[in-house]
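Participant: please find the sequence and the predicted model below.
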2 protein chains.
Amino acid sequence: MKDVRTILDQNAFSFERLDAGDAPLRTLVQQRLSTVGPMAMLFYEQPLHIVRGQGCWLYTADGERYLDVYNNVPALGHAHPKVAEAVYQQMRMLNVHTRYLHEGIHRYIERLLATLPASLDRLVMTCTGSESNDLALRLVRQWTGKQGIIVTDGAYHGNTSAVTEVSPSAYKRGAPPDYVYQIPFTELAQQADPAAWFAQQVERGIDELEQRGYGCAALLVDTIFSSDGVFADPVGFLQPAVQRLHARGALFIADEVQPGFGRTGDALWGFLRHGLEPDVVTMGKPMGNGFPVAAVAAREELFARLNREVGYFNTFGGSTAAVAAATAVLDVLEQEQLIEHARRVGGELKHGLQQLQTTHPEIGAVRGAGLFLGLDLVDAGGEPDAARTTAVINALRQHGVLIGAAGKFGNTLKIRPPLCFGSDETAFFLQRLERALGVSGAGH
Amino acid sequence: MKDVRTILDQNAFSFERLDAGDAPLRTLVQQRLSTVGPMAMLFYEQPLHIVRGQGCWLYTADGERYLDVYNNVPALGHAHPKVAEAVYQQMRMLNVHTRYLHEGIHRYIERLLATLPASLDRLVMTCTGSESNDLALRLVRQWTGKQGIIVTDGAYHGNTSAVTEVSPSAYKRGAPPDYVYQIPFTELAQQADPAAWFAQQVERGIDELEQRGYGCAALLVDTIFSSDGVFADPVGFLQPAVQRLHARGALFIADEVQPGFGRTGDALWGFLRHGLEPDVVTMGKPMGNGFPVAAVAAREELFARLNREVGYFNTFGGSTAAVAAATAVLDVLEQEQLIEHARRVGGELKHGLQQLQTTHPEIGAVRGAGLFLGLDLVDAGGEPDAARTTAVINALRQHGVLIGAAGKFGNTLKIRPPLCFGSDETAFFLQRLERALGVSGAGH
């Protein structure tokens, strides 16, 4: 059973295969290599040249259209006119940092704080989820005076030096440093009592980190466990773990970059589904529907403690244009009732996938909440099948559907479309998935 | 002689003084505290409520206008219509990450790489200068296998965990960790041979870092030494230091977040003024005229080495909207010939400040290049005078000019307006500065 490890490379185009595609595509791929270089990463065995987007659909230069079941950043839909208009109007009027007074940022933060537990009473705006998780690490370490962090072993939390170290799935070689304790999260599915098991894991992590001399500052988890393979249930299973953490003086950081802003259909935040009260909440990706904006919410005292030691300023964080984009996103989420929509359509989609499972033994499991679902593909022996998953992803691309993979074993289809995904798109996706499963089964 | 240390707090409004300003202003200040909280930072003894910007001017809600001599992010001028238009058109069409092919990013990177030494042949786009410097640290550490970094003791390079550690000026208490060697940069002004002195300092830093067991990965400097107090001359003074670094297997990171994109008037990049060939170049702030976009350029082999170890992906970095903004900025820089403009107007401005110096003994020095100038304010004994500097900054604010401070001793007026700053603005600024100096002198 292959441990895929680097989710960033799952479903990546292999640049060794420069003969892929037609001549214009090869030229573009060459240009990517000669400009971005070794860190360039393209999706699919045959990369896609996308030139236009609308709603849940992306269009190539050739005029082909693809249903987007992958992109969670444009949560309201691609090229949403209200966000573009809000950014444009603000950029024509004023786009400055937060060291002048401006009402927009106060209105926005008040609105966002009202959706969080009352104890989370302050919010600092950054540009990216990575910057938010980086700041969160500093907040919890300064508060506790400890260095150790507990994460799941398939976790991905972002790209800065500090955040990469708590992202086991980002490592191609080696492993996170000694102050990171990794919970073997894939074992969760085998547990009769997942909540008790997770709490025991956290307890063990704290013990271990104390023995190693670091102590435990926090548990940091994505509350839908996206890169671990999408685990939404059982509802509340994190509660005992968070109680243990608090009892032992450690904090809980809820990374809402993936589940946040209504994707799970049950609440605006993934941790609310689980009835949790985090010490720090980080958010990003869909917050500006593609405009770079992110944030960290925490108790005032945590920000105050760090602020005594170092100055923190984020040039673009909370700029007037970023606030305009983020405000438009909240407006549209409310106006189009997208959380309720995600719950309803996500339910239809999950039901459809479960139906498909009854006739397709290669579907090992269907998990998730709202419009964030995971579908495991397994081999005849029921073991994770990353090769089949890659084949299905590429077959879906040929059949007009864009999707990606997740999970420590690379065998989970990650289903995470823009929230405007409707019943028609659900039917289209299910039909094409069935076709792709057939193809991959035949060729497997 | 007070060491101000935290440049982030220089010229900050003191939130203890909540009685400042009129009632509407007090309400806004209270809202800032109750939303952003302890990390909120506002400029001036009386914070400003800005609602509109155009060119080099910012406008308050009351209709008052202020000449902007501070903001380098909107380098083309506030609310530049061509950037807003480019972002809008792209956001209406498509705004996605770099894992699909899109021609814009190749065209942009090719254009940018053509402005850099040929050895810097690849460029990775990020969102912020902080993210860029964070990635640069990982590149040089992975390449050299060493941890130590040499910086100047007044340096500021950004806000992530790793980058804060190489930013002595961000510390309010304590100091950077042991693997950071700080060059006592303020001594430069006293040196007969600044180039030889700086090279000796670097040599000493490498020795010291080796003795401490870290080795030296790189020298990281802002090539206009903005937060050190703006030091542009003598041209070429960094050359011997970079030779020493390379001779000893260490690298040179040019942080172009401040001097980049033509601000110095002599070249697009600060390091080009000095005839240097860096191993890594980081850029940010003005790159998108306010749209969050930044980048790291380096040799392909450096990216390849890091890429073997970990995956790096930046969700918003190089998105189609970010590329549209950045492309529009390069277009306008060329069309409006802003580098040449910065050289010419910056020359006029520097000359005017030097004239003022002849009649104002409190002006200790005038330094800089193009539209990035520093003006030291000193007391009767010629010592740095941070209190006077704060007084002048706030007097200028009363006289309709927005400016900030820099330098380890907080006594340098940092003159860094949008690049569209013209002769009229120069005359206005010189007149108001003379008035503010008189006021501050009287009250001092």
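Facilitator: All right, it came through fine.
Participant: only C-alpha atoms for contact and neighbour calcs from this point on.
Facilitator: Fine.
Participant: for A:Glu334, what are its contacts?
Facilitator: Not one residue lies near A:Glu334 by CA atoms under 8 Å, 6 or more residues apart in numbering or on different chains.
Participant: and it, helix, strand or coil?
Facilitator: Look at A:Glu334: counting by DSSP: H, G, I helix; E, B strand; the rest coil, its state is helix.
Participant: how much space separates the residue nearest to the spatial centre of chain A from A:Ala326?
Facilitator: Compute the mean C-alpha point of chain A, and by CA atoms, centre = their mean the closest residue is A:Gln258, 2.9 Å away. Separation of A:Gln258 from A:Ala326 (CA to CA, to the nearest Å): 16 Å.
Participant: which residues in the stretch 301-444 of chain A form strands?
Facilitator: A:363-369, A:372-377, A:401-402, A:404-406, A:412-415 (DSSP state E, counting those that start in this stretch).
Participant: an error on my part: the question was meant for the stretch 151-300 of chain A.
Facilitator: According to DSSP E, counting those that start in this stretch, the strands that the stretch 151-300 of chain A contains are A:180-183, A:216-222, A:251-255, A:280-283, A:294-298.
Participant: and A:Ala12, bridged to which residues?
Facilitator: A:Phe43 (DSSP bridges).
Participant: I'd say it and A:Met39 touch.
Facilitator: No. A:Ala12 is not in contact with A:Met39 according to CA atoms under 8 Å; the separation is 11.4 Å.
Participant: report pLDDT for the residue of the stretch 151-300 of chain A found nearest chain B.
Facilitator: Relative to chain B, the nearest point of the stretch 151-300 of chain A is A:Tyr171 (4.6 Å; CA to the nearest CA). pLDDT for A:Tyr171: 96.
Participant: so how far is A:Ala155 from it?
Facilitator: 11 Å.
Participant: the two: which is more packed in?
Facilitator: A:Ala155 (28 against 23; other CA atoms under 10 Å in any protein chain shown).
Participant: what about the closest residue to the more buried one other than its chain neighbours, distance to B:Arg212?
Facilitator: Nearest residue to A:Ala155, sequence neighbours excluded (CA to CA, 6 or more residues apart in numbering or on different chains): A:Ser167, at 5.2 Å. Separation of A:Ser167 from B:Arg212 (CA to CA): 29 Å.
Participant: which one of these two has more residues nearby?
Facilitator: More neighbours surround A:Ser167 than the other of A:Ser167 and B:Arg212, with 24 against 12 (other CA under 10 Å).
Participant: quick check: pLDDT value at that one.
Facilitator: For A:Ser167, the predicted pLDDT is 98.
Participant: can you list phi and psi of it for me?
Facilitator: The phi and psi values for A:Ser167, taken as degrees, to the nearest 10, are phi -120, psi 80.
Participant: do I have it right that it meets A:Thr160?
Facilitator: No. Between A:Ser167 and A:Thr160 there is no contact under CA under 8 Å: 10.1 Å.
Participant: flag the shaky bits of chain A, pLDDT-wise.
Facilitator: A:1-9, A:20, A:439-444 (pLDDT under 70).
Participant: quickly list the domain ranges of it.
Facilitator: Annotated domains of chain A cover A:23-76+A:338-443, A:81-335 [automatic domain parsing].
Participant: list just the one of those domains that sits closest to B:Val69.
Facilitator: Nearest of the domains of chain A to B:Val69, taken as CA to CA: domain A:81-335 at 13.7 Å.
Participant: show me what contacts A:Leu94?
Facilitator: A:Thr320, A:Ala321, B:Val51, B:Arg52, B:Gly53, B:Gln54, B:His78, B:Ala79.
Participant: those in strands, which ones?
Facilitator: B:Val51, B:Arg52, B:Gly53, B:Gln54 (DSSP state E).
Participant: dump those into JSON lines; add neighbour count and distance to chain A as well.
Facilitator: Formatted as JSON lines, these follow (neighbours: other CA atoms under 10 Å in any protein chain shown; distance: CA to the nearest CA, whole Å):
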{"residue": "B:Val51", "neighbour count": "21", "distance to chain A": "7"}
{"residue": "B:Arg52", "neighbour count": "21", "distance to chain A": "5"}
{"residue": "B:Gly53", "neighbour count": "24", "distance to chain A": "5"}
{"residue": "B:Gln54", "neighbour count": "17", "distance to chain A": "8"}
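Participant: A:His106: which of those is nearest?
Facilitator: The shortest gap between A:His106 and any of those belongs to B:Val51, at 14.0 Å (CA to CA).
Participant: mind listing what that closest one touches?
Facilitator: Counted by CA under 8 Å, 6+ apart, B:Val51 has contacts A:Met93, A:Leu94, A:His102, B:Leu58, B:Tyr59, B:Thr60, B:Ala61.
Participant: hmm, which of the residues you listed are the buried ones?
Facilitator: A:Met93, A:Leu94, A:His102, B:Leu58, B:Tyr59, B:Thr60 (16 or more other CA atoms under 10 Å in any protein chain shown).
Participant: follow-up on the earlier one: and A:Ala12 and A:Met39? which has more neighbours close in?
Facilitator: Per other CA under 10 Å, whichever of A:Ala12 and A:Met39 has more neighbours is A:Met39, with 22 against 19.
Participant: that one and B:Met125 touch, don't they?
Facilitator: No. Contact criterion CA under 8 Å: A:Met39 and B:Met125 do not qualify, at 10.3 Å.
Participant: ok, back up a step: CSV for the strands of the stretch 151-300 of chain A, including distance to chain B?
Facilitator: CSV is the format used below for those (distance: least, CA to the nearest CA, whole Å):
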stretch, distance to chain B
strand A:180-183, 16
strand A:216-222, 15
strand A:251-255, 16
strand A:280-283, 13
strand A:294-298, 9
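Participant: which residues touch A:Arg99?
Facilitator: B:Ala40, B:Met41, B:Leu42, B:Phe43.
Participant: and which of these is nearest chain A?
Facilitator: B:Leu42 (4.2 Å).
Participant: so that closest one makes contact with A:His102?
Facilitator: No. Counting by CA under 8 Å, B:Leu42 does not reach A:His102; the two are 10.7 Å apart.
Participant: ok, now which ones touch the residue nearest to A:Ala155?
Facilitator: A:Val151, A:Asp153, A:Gly154, A:Ala155, A:Tyr156, A:His157, A:Gly158, A:Pro176.
Participant: check the residues you listed and tell me the two furthest apart.
Facilitator: Longest span within those, CA to CA: A:Asp153 and A:Gly158, 14.4 Å.
Participant: look at those two and report which has more neighbours.
Facilitator: A:Gly158 (25 against 22).
Participant: ok, the more buried one - contacts?
Facilitator: A:Gly129, A:Ser130, A:Asn133, A:Thr164, A:Ser167.
Participant: again, only this time at 7 Å
Facilitator: With contact set as CA atoms under 7 Å, 6 or more residues apart in numbering or on different chains, A:Gly158 has these partners: A:Gly129, A:Ser130, A:Thr164.
Participant: same question for A:Asp266.
Facilitator: A:Asp266 sits in contact with A:Arg273, A:Arg343, where contact means CA under 7 Å, 6+ apart.
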